[in-house]
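S.K.: could you work out the structure for the sequence below:
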Amino acid sequence: MAFIKGRKIQDSILLANDLVKNIHSKSRGNISVLKADLRKAFDSVHRPFIYFMMQKMGFPTLFIDWIKTCMEAAKFSILFNGSPLGFFGSSNGIRQGDPLSPYLFVIAMEGFSAMMEDTWSKGQIKVPSANGVSISHILFADDLIIFMKDDLGTIRKIADVISQFGEISGLHLNCDKSKVYVGARVSHRRVIPVILGVNESALPVRYLGLPLFSKSLKASHCQSLVEKVRKKISSWKTRLLSKAGRLELIRSILSSYSIYWTTAFALPCSTIHAIESLLSKFFWSGNVEDRSFHMVAWKVICKPKEEGGLGIRSIEEWNKACILGQLWDLLQKRPSLWTEWVYASYLHRTSIWQKKRRTYDSWIWKHILDCRNILKQHIQYVVGNGASFSFFYDPWLPSGQSIFDISGDLIRHALGYPQDICIALFIQNSCWSLPPPRTMEMIHLWPVIYSIPIQVQADSICWKYNNGVWKVRHAWEVTRVTSPKVVWSSLVWTNPTIPRYSITLWQ
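M.R.: Numbers count the residues shown, from 1 in each chain. Below you'll find the model as predicted:
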């Protein structure tokens, strides 16, 4: 999934966490997860295998020859007593740091995906599935994680696939670093690590830089993030920095540490408070150990300069905007394995707006559902052919409401239609064709629907701002808590003013 246009690393993180949500459940935990580490992946991959995969994927022969030249014409040298000593070529692996290498490695790993797909299509392995969507593994560059049902035949076959792929590609499993995580309901717990040749371990574990776990995110899972911020601040303790310098470091470096986490997870309030407490101490005193007097509250500092703050974004508000981004991607049905899985496992023949939280749903999905009412205020449904909008549950009416919001299931029951009816059923020849009204609610609502113009193109969901273009920054701007603008802002933050003096005036 890496290095492909439109793909996000967060998709892999969200999907992996959703698939392991029940691994500790005694009633649902019937899967095992292999977090595979490939031994010296970039150095070990066979070049002929890369060329073979490029042929299978339809690359032109001339292009493959160019790639061969780029890889095999390279020369290397070593430093001996500070001077380069001779040059030599290489016959295996791909160069780390070469812009081409990540893409070539992804092409090589397509071979593993093809082998897994072939094995699954023949019914030789059992993997997590939901309404026609099956997930056997997730690949992001050289990070490989494999999901298996409680079946010894499946475990043995996957072990064979890994071994065969290693022989033909040179990418062998590093048994010392690879781990298997066995579900609570799995009956062959002791046999699985032996078959796979790896040690058993327990969640949580780091995956793509973030924790992989089965239950809700706790402050203990985020302790590494807090410590990373603390250590970075401690490394600057000896430097004589002004408040303007500290502000710039907070804005450009320290705030970026939490951004990666917030794009995937809804951080616990205690973690956000711990990080912002460190940032506040660093801004006012230059270190985090000493007690210091804070002249202005941190929530005021996090306001824009026009509202009396310093323009630092609140982690909590930015985190909320990022979770809204996940919901937006699902509504737009952005092509990804995560989107396919959500629509198959959670939204099969169901609108996201009518979906209720269930106790056994993943905590990630619950947080996404909690953001629905916020996002609904800032989007607009544009009816086209009506093929993708739910007639009863999507908020496509001019008021931004759904028929269910207005009358519950009363109209649906009166018409006798199932829940998954789309708008297209009530459109003929690009005109509305509604059944005769049978209730007072229909009498009032039907004229409103007839007034909605029908577009020739497909249905679409638009962002109300920025010419309909979604950006997390704009979501943050419209959902954050705003304050009145202060009249003195333009005097304090004039361009020619030295930042150090501006902050003194601001205090």
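
S.K.: give me phi/psi at Phe80?
M.R.: Phe80 has phi and psi values of phi -130, psi 120 when expressed as degrees, to the nearest 10.

S.K.: and the pLDDT at it?
M.R.: Note on Phe80: pLDDT of 76.

S.K.: the one 3 residues further on too?
M.R.: With respect to pLDDT, Ser83 has a value of 77.

S.K.: where's it relative to Ser90, distance?
M.R.: To Ser90, Ser83 is 21 Å away according to CB to CB, to the nearest Å. All C-beta atoms are positioned from the backbone trio N, CA, C, and that covers glycine.

S.K.: specify which residue of these two has the higher count of neighbours.
M.R.: Ser90 (14 against 8; other CB atoms under 10 Å).

S.K.: contacting residues for the more buried one?
M.R.: The contact partners of Ser90, taken as CB atoms under 8 Å, 6 or more residues apart in numbering, are 74, 76.

S.K.: which residues in the stretch 401-507 of the chain form strands?
M.R.: Along the stretch 401-507 of the chain, counting by DSSP state E, counting those that start in this stretch, strands occupy 427-428, 431-432, 460-463.

S.K.: sheet-wise, list the partners of the longest one with their directions.
M.R.: Strand 460-463 pairs in its sheet with strand 379-382 (antiparallel), by DSSP bridges.

S.K.: about what we covered before: of all the strands of the stretch 401-507 of the chain, which one is nearest Arg47?
M.R.: strand 460-463 (45.7 Å; CB to CB).

S.K.: tell me which residues in the closest one are buried?
M.R.: 461, 463 (16 or more other CB atoms under 10 Å).

S.K.: export it as PDB, just CAs?
M.R.: What follows is strand 460-463 as a C-alpha-only set of coordinates in PDB (Å, rounded to 0.1, in the frame of the first residue of the first chain):
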ATOM      1  CA  SER A 460     -21.800  13.900  -4.800                       C
ATOM      2  CA  ILE A 461     -21.000  15.100  -1.300                       C
ATOM      3  CA  CYS A 462     -19.500  18.600  -1.100                       C
ATOM      4  CA  TRP A 463     -17.600  20.500   1.600                       C
END
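
S.K.: tell me how far that strand lies from the chain's centre.
M.R.: Distance of strand 460-463 from the chain centroid (CA atoms, centre = their mean, to the nearest Å) equals 21 Å.

S.K.: for Trp365, which of the strands of the stretch 401-507 of the chain is the nearest?
M.R.: strand 460-463 (19.6 Å).

S.K.: most distant residue from the middle of this structure?
M.R.: In the chain, the greatest distance from the average C-alpha position (CA atoms, centre = their mean) is reached by Asn81, at 47.6 Å.

S.K.: for burial, what's the neighbour tally of Asp11?
M.R.: 22.

S.K.: do the same with Ser451
M.R.: The burial count for Ser451: 9, using other CB under 10 Å.

S.K.: does the spatially closest residue to it that is not a sequence neighbour count as helix, strand or coil?
M.R.: What sits nearest to Ser451 in space, not counting adjacent residues and going by CB to CB, 6 or more residues apart in numbering, is Pro398, at 7.4 Å. Here Pro398 is recorded as coil under DSSP: H, G, I helix; E, B strand; the rest coil.
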